[in-house]
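> Based on what follows, work out the 3D shape:
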Amino acid sequence: MSTTDLLPKVHIGEVIRNAVVFKTENQQKSQVNADSLIETVAHFFALLHERQIEYVLVGGIALLQYVDGRNTEDIDLIMALASLEHVPELTVETKDKDFVRGRFGELKVDLLLTSNPLFDEVRKRYTTTRQFVEQDIPCATVEGLILLKLYSLPSLYRQGSFTRVGLYENDVATLLQTHNPPVEQFLVELAAYLSESDMMQVKQTVHEIQQRISRFDLRPPVLL
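Coordinates of the predicted model:
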């Protein structure tokens with residue numbers, strides 16, 4: 001039995017609600033009807049299913065299928081931009097060539113667009129169906145999540161986004177330590193989507209993560 005099999009079935013609505021409830025600024029403003037988020041989340045995924053919209057769940061909620069303890073207050077999906085026409089209830093707040101940020105009622109939804117070649121590759125090759133309390137949902141695999149996290153890191157470094165860098169690096173470390181996937185394969189694949197300088201940063205980060213992992217188990221770090 002794998003570590004994944006031992007994790008309880010994730011209730012997406014409760015995860016989102018709890019993240020909102022315990023966020024300090026939300027406690028101070030008291031503007032969010034947190035309990036309604038459970039129904040909103042269930043309605044959102046039921047709507048996607050009813051309208052036969054193709055998507056893949058990624059981000060913090062997907063991560064909870066493979067490791068315990070991640071907290072998040074939004075939904076992250078890989079989706080085609082054209083699919084937004086079939087979800088007029090999703091209000092778009094910002095949009096660029098790779099991402100859309102929107103709201104479905106009080107629910108925050110971030111879309112990773114399939115026009116990005118790596119996002120589309122994760123959709124095609126690194127997706128499985130996982131059971132959540134709400135329903136069965138197409139979800140990124142461990143490998144897909146690691147690819148997305150590593151791909152994002154160079155951009156976060158340039159932005160100086162220290163908090164998000166820490167979260168993403170910890171997500172990668174936790175997935176690698178728990179599941180021990182073939183990290184060399186990810187680095188070869190990422191080279192097709194990142195510049196040489198970005199790849200050097202990613203390799204250095206992976207090496208540092210492997211050194212951290214080696215302090216907690218007997219697996220030696222792989223020299224890159």
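
> wait, isn't residue 58 in contact with residue 112?
Yes - when contacts are counted by Cβ atoms under 8 Å, residue 58 is listed as touching residue 112 (6.5 Å). Backbone N, C-alpha and C define where each C-beta goes, glycine included.

> Need the residues touching each of the two.
76, 77, 78, 148 (Cβ atoms under 8 Å, 6 or more residues apart in numbering).

> now, which of those sits nearest residue 195?
Using Cβ to Cβ, residue 148 is the member of the shared contacts of residue 58 and residue 112 that lies nearest residue 195, at 17.4 Å.

> What count of nearby residues applies to the closest one?
Around residue 148 there are 23 other residues, counting by other Cβ atoms under 10 Å.

> Next one: it from residue 112, what distance?
8 Å (Cβ to Cβ, to the nearest Å).

> Residue 155 now?
From residue 155 to residue 112 the distance is 13 Å (Cβ to Cβ).

> same question, residue 70
From residue 70 over to residue 112 (counting by Cβ to Cβ), the distance is 17 Å.

> Next: residue 182.
23 Å.

> Have a look at those two and say which one is more surrounded.
Taking neighbours as other Cβ under 10 Å, residue 182 and residue 112 compare with residue 112 leading, 24 against 10.

> Double-check that the more buried one belongs to a strand.
Yes - the assignment for residue 112 is a strand, going by DSSP: H, G, I helix; E, B strand; the rest coil.
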